[in-house]
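> 3D model of this:
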Amino acid sequence: MNYIGHSYTRTPGHVDICASIGHNMMVHSDPSACAYWFVAKGNDLTAVEKFWRENGSALRSEHHFMDIRKLSSANFQISVIKQQRGDLVIIPPLAAHQVLNMNGRSIKVAWNRIIPKFLEYSLHEIKLYNELMKPEG
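Numbers count the residues shown, from 1 in each chain. Reported below is the predicted structural model:
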């Protein structure tokens, strides 16, 4: 997948499909452009889903960018990653995350992969994903 963003564009909170490992490389950008990733641990997914519901929307609807001030009051840890040109961000399976682009335009290339260790999670997640919002056609 390719993503083209500019200042203040956002990717709402979500979990990557099928308990996959997310990879995101910023391959081009304006000189000062960056992206801030707000990432929760996969082990905290239940708490993150509850927090999203209590503060706006279902996490898995992929429609709600959580206000950063609200996110800072969460009862789970959030890691903040600053991504610049050339940086690769890797998101662990079941780790909820959202992204805020800043300071100009950027182009990112993203891909997901599933490893055998997480195949059982993947099968559960695809069933849940299809039930909630994106049935296979």
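> in this protein, where is pLDDT below threshold?
123-137 (pLDDT under 70).
> all helices in it, in order from the N-terminus.
Using DSSP state H, the helices assigned to the chain run over residues 45-54, 68-71, 119-132.
> how about the shortest one: buried residues?
Meaning helix 68-71. L71 (16 or more other CB atoms under 10 Å). All C-beta spots, glycine's among them, are computed from the backbone N, C-alpha and C.
> which residue is nearest the middle of the protein?
H97 (3.3 Å; CA atoms, centre = their mean).
> that one pairs with what?
H14, V39 (DSSP bridges).
> please enumerate the strands of this structure.
Here the chain has its strands, by DSSP state E, at 2-5, 10-14, 21-29, 34-40, 78-83, 88-91, 97-102, 106-113.
> so which of these gets nearest S72?
With CB to CB, the closest approach to S72 among the strands of the chain belongs to strand 78-83: 7.4 Å.
> show me which positions of that closest one end up buried.
For strand 78-83, by 16+ other CB under 10 Å, it's I78, I81, Q83.
> neighbours of D30, just the number please.
D30: 13 surrounding residues under other CB atoms under 10 Å.
> if you could redo that for P93, that was the one I meant.
Quick note: P93 (other CB under 10 Å) scores 21 neighbours.
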